[in-house]
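Engineer: give me coordinates for this.
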Amino acid sequence: MKFRNLFTWLVAIAILGTTPLTAQHGQRVRQLPETLDFKVTAPSGVPEIPFQLVNNHIIIPISVNGSEPFKIILDTGMPMTGLALFDSDKVKALDLSFEPGMRVQVGGAGGKGKHFEAKMASDVAWSMPGLETTGGRAIILPAMEHLTHYHGGIIGAALFENFAVEIDHDDNVIRLHDPNRYQAPPESTSAPLTFKMGIPFVDASAKMVSGSNVPITVAVDLGASHAISLNTDSHEEINVPEGAVKTILGRGLSGPVRGKVGRIAGLDLGGYDLRNVITGFPVSKHQNPRGIDSRNGNLGNGILKRFNVTFDYQRKQMVLEPNKRFGDPFEFDMSGIVFQQSHERGVWIESILPDSPAEEAGLRPDDIILSVDGIDAAAVGYYAIREKLREDGKSVTILYRRGIKKREVKLKLRRLV
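Structural biologist: Residues are numbered from 1 along each chain as shown. Below you'll find the predicted structure:
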């Protein structure tokens, strides 16, 4: 599903130790000082880092203390200047030096908003193509299998606060420019950014199906896989459209993010008009993760991937150039299957949308998906499988297991949103 991994990394971080600090209602607290020493090794002076786009997440390779590269999500919603890693055998092998007496409480979107305890490591060196750094910190988060099938951590402010970060979605490469020398391309458009607790916000205009144009201010969340989510509680004219589908929009650190999925008629971002945009409408308790005010909503990479975009924090601007994806239609899952994945079970059905092709075909929650049109689900992952379930009118064959029996069923896909 389009919103399967909504990473709303509007995290509340509390560092508790010799200098007790607390976080109330998601308020971001003062971080301990951190001095990152960057060394640009790219001959051109502009590091170029290749990336993969998986589930609309930008994945870059980062080596930690000389390790084989971790697959790390690049995320504007990660306000901490360090590197976050999910605990694993690979992380344990790093033999990191943890700060004594230091506890880190981390919370995020979804569920009941509970905190998780994490560890803080110091004197961490990390590198990527064309760039090396020393003197950093790393937060080691608990392992969360439902979030980490294809990546091992997150990085954000460490790059965005020190470089003008150009994301070239045409060539799948990131370029890190000296912010003092960066100049926006003459054919581009600049959208002003404002900041709150390290999170960038941008103004836009949402055209509702009623015809009204609603001025909105939304968090720019590169680590969110959806196109846009809007908070109905934030403006009287932001309404859930008729026919919207009730579902799990995605998952954050604290659990599932629930709400409805529908379409708005259009979105004006930086003077560019995007039409018939798939939009999430979170339930009230999931509109402002950890109590952090996300204004009118959250802009994700389902929109941003349609541009070659540069984040220039020094000039407080987001530079936009439409790319080859700009005119692609916005589509939602057409099967009615909400997937999950684990190492033990593989790809399985978490829930089924009512009145959907999946329900009509007799699929049920907890059925194990073995293949779709002969493609092994466990081998390619449910993100790749999900992409095959977005073609209106297409018939697909699903092989699944229920209990000990294998069964096969045909689904004829259709638009649900």
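Engineer: quick check: mean pLDDT across the helix ranked longest in the chain?
Structural biologist: Counting by DSSP state H, the longest helix found in the chain is helix 377-387. Across helix 377-387, the average pLDDT comes to 85.
Engineer: which stretches in this structure count as helices?
Structural biologist: 89-92, 157-160, 301-304, 357-360, 377-387.
Engineer: out of those helices, the one nearest residue 218 is which?
Structural biologist: Each of the helices of the chain was scored for nearness to residue 218 using C-beta to C-beta, and the closest is helix 301-304 (9.7 Å). Backbone N, C-alpha and C define where each C-beta goes, glycine included.
Engineer: against residue 276, how distant is residue 210?
Structural biologist: Distance, residue 210 to residue 276, by C-beta to C-beta, to the nearest Å: 15 Å.
Engineer: dump the residue contacts of the residue lying closest to residue 38 once chain neighbours are set aside.
Structural biologist: Closest residue to residue 38 apart from its sequence neighbours, by C-beta to C-beta, 6 or more residues apart in numbering: residue 133 at 5.0 Å. Counting by C-beta atoms under 8 Å, 6 or more residues apart in numbering, residue 133 makes contact with 36-39, 125-127, 158.
Engineer: farthest pair within the residues you listed?
Structural biologist: Applying C-beta to C-beta across the contacts of residue 133, the maximum distance is between 39 and 158, 13.9 Å.
Engineer: between those two, which is the more surrounded one?
Structural biologist: Of the pair residue 39 and residue 158, residue 158 is the one with more neighbours under other C-beta atoms under 10 Å, namely 20 against 10.
Engineer: so residue 210 and residue 276 - more neighbours on which side?
Structural biologist: Under the neighbour definition other C-beta under 10 Å, residue 210 and residue 276 were set side by side, and residue 276 has more, 15 against 11.
Engineer: now the residue nearest to residue 328 when sequence neighbours are not counted: how far from residue 150?
Structural biologist: When the adjacent residues along the chain are set aside, residue 328 lies closest to residue 306, with 7.0 Å between them (C-beta to C-beta, 6+ apart). When distance is defined by C-beta to C-beta, residue 306 is 22 Å away from residue 150.
Engineer: what about those two, which has more around it?
Structural biologist: When residue 306 is set against residue 150 and neighbours are counted by other C-beta under 10 Å, the residue ahead is residue 306, at 22 against 16.
Engineer: got the phi and psi for that one?
Structural biologist: According to degrees, to the nearest 10, the main-chain angles of residue 306 amount to phi -80, psi 0.
Engineer: residue contacts, it?
Structural biologist: With contacts taken as C-beta under 8 Å, 6+ apart, residue 306 has the following neighbours: 169, 274, 322-323, 325-326, 328.
Engineer: most neighbours among those, please name it.
Structural biologist: For the contacts of residue 306, counting by other C-beta under 10 Å, the largest number of neighbours falls to residue 169: 22 neighbours.
Engineer: quick check: residue 65 touching residue 127?
Structural biologist: No: in this structure, residue 65 sits apart from residue 127 without contact. The criterion is C-beta atoms under 8 Å, and the distance is 9.4 Å.
Engineer: returning to that earlier point: out of the helices of the chain, which is closest to residue 342?
Structural biologist: Closest approach to residue 342 among the helices of the chain (C-beta to C-beta): helix 377-387, 10.1 Å.
Engineer: show me which positions of the closest one end up buried.
Structural biologist: 377-378, 381-383, 385-386 (16 or more other C-beta atoms under 10 Å).
Engineer: number of nearby residues for residue 373?
Structural biologist: For residue 373, the count of nearby residues is 12 (other C-beta under 10 Å).
Engineer: pretty sure it sits against residue 397.
Structural biologist: Yes: at 5.6 Å, residue 373 and residue 397 qualify as touching, with contact defined as C-beta under 8 Å.
Engineer: double-check residue 159 against residue 74; I have them as touching.
Structural biologist: Yes: the pair residue 159 and residue 74 passes the contact test of C-beta under 8 Å, sitting 7.2 Å apart.
Engineer: overlap in contacts of these two?
Structural biologist: With contacts defined as C-beta under 8 Å, 6+ apart, the residues shared by residue 159 and residue 74 are residue 165.
Engineer: and those two? Which one has more around it.
Structural biologist: Comparing residue 159 with residue 74 by other C-beta under 10 Å, the one with more neighbours is residue 159, at 27 against 24.
Engineer: and the furthest pair within the buried residues of helix 377-387?
Structural biologist: Using C-beta to C-beta for every pair in those, the one that comes out farthest apart is 378 and 386, at 14.0 Å.
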